[in-house]
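**Student:** sequence plus predicted model, see below.
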Amino acid sequence: DAGVIQSPRHEVTEMGQEVTLRCKPISGHDYLFWYRQTMMRGLELLIYFNNNVPIDDSGMPEDRFSAKMPNASFSTLKIQPSEPRDSAVYFCASSFRWGGNQPQHFGDGTRLSIL
Amino acid sequence: DQQVKQNSPSLSVQEGRISILNCDYTNSMFDYFLWYKKYPAEGPTFLISISSIKDKNEDGRFTVFLNKSAKHLSLHIVPSQPGDSAVYFCAASNRNSGNTPLVFGKGTRLSVIA
């Protein structure tokens, strides 16, 4: 079975450019999460969706960050304009019926470097 | 304000010995705890979980212990193998008050030395 698929795996771009990260969750999963991992802050939840609807975006650091989920099989996280402090590894995860013994399944992440 | 703390950034253990990874939490409302393992350049993968109604859960070489009064949980790996070398994240959530997000610790890097 295919897991959570993220693209690109690596992104290097200059400050001020728009960055779009993509995620395909596991088919049938109804929750989708975006995380950011840094050395200082560890794994932070940015936003999560249930049935394509954003539920909690309180973790999104600034208005420069936005996320969409136009359908059950695709989500994007966009940063515009990007800044060097946005450099991190961004993970997407999905789960089925959150709660019970339903752990989140993570993609392999996008390593983002803003120069 | 870190609700889930893994105070040891790293741990080295000899192959065949026991690895003990610790995690403390501050939110007494947490009722479900998980451990994830992460290899370099990969996403975290679920390892084992425990509900607050239990104090121990075992799965092969991996055992998680929960001490609710101390707000502490630990992951035991016996015997440790070189393939266990990874970063281990502790996570917690409150399932009884709706679907609250997982809160992760910063991770502990385990190195198992052959």
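**Tutor:** Perfect, I can see it now.
**Student:** contacts only, for B:Y25.
**Tutor:** Neighbouring residues of B:Y25 by C-beta atoms under 8 Å, 6 or more residues apart in numbering or on different chains: B:Q3, B:V4, B:K5, B:F33, B:K71, B:H72, B:L73, B:A92. The way it works is simple: take the backbone N, C-alpha and C, and place the C-beta from them, glycine included.
**Student:** touching chain A at all, the helix or strand containing the fourth one?
**Tutor:** Looking back up the chat, that one is B:F33. Assessed by DSSP states H and E, B:F33 sits inside strand B:32-38. Yes - contact between strand B:32-38 and chain A is present through B:L34, B:Y36 (criterion: C-beta under 8 Å from any C-beta of the partner chain).
**Student:** what lines up beside that strand in the sheet?
**Tutor:** Counting by DSSP bridges, the strands paired with strand B:32-38 are strand B:45-51 (antiparallel), strand B:86-93 (antiparallel).
**Student:** residues near A:T76, how many?
**Tutor:** 15 (other C-beta atoms under 10 Å in any protein chain shown).
**Student:** thinking it is in contact with A:E18, fair?
**Tutor:** No - counting by C-beta atoms under 8 Å, A:T76 stays clear of A:E18, with 11.2 Å between them.
**Student:** using PDB, write down the CA coordinates of the strand holding B:F33.
**Tutor:** What follows is strand B:32-38, C-alpha atoms only, in PDB (Å, rounded to 0.1, in the frame of the first residue of the first chain):
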ATOM      1  CA  TYR B  32      -3.200   8.500  25.100                       C
ATOM      2  CA  PHE B  33       0.500   8.300  24.500                       C
ATOM      3  CA  LEU B  34       2.500   7.100  21.600                       C
ATOM      4  CA  TRP B  35       6.100   6.500  20.600                       C
ATOM      5  CA  TYR B  36       7.300   7.200  17.100                       C
ATOM      6  CA  LYS B  37      10.700   6.200  15.600                       C
ATOM      7  CA  LYS B  38      12.400   8.300  12.900                       C
END
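**Student:** work out the gap between that strand and the centre of the chain.
**Tutor:** 5 Å (C-alpha atoms, centre = their mean, to the nearest Å).
**Student:** ditto for stretch A:95-110
**Tutor:** On C-alpha atoms, centre = their mean, the centre of stretch A:95-110 falls 13 Å from that of its chain.
**Student:** so which residues make contact with that stretch?
**Tutor:** Residues outside stretch A:95-110 that contact it (C-beta under 8 Å, 6+ apart): A:3-11, A:21, A:23, A:26, A:28-31, A:33, A:35, A:37, A:50, A:89-94, B:34, B:36, B:41-46, B:49, B:95, B:99, B:102.
**Student:** could I get the strands paired with strand B:32-38 as TSV with mean pLDDT and mean neighbour count?
**Tutor:** Output for the strands paired with strand B:32-38, formatted as TSV (pLDDT from 0 to 100; neighbours: other C-beta atoms under 10 Å in any protein chain shown):
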stretch	mean pLDDT	mean neighbour count
strand B:45-51	94	18
strand B:86-93	94	23
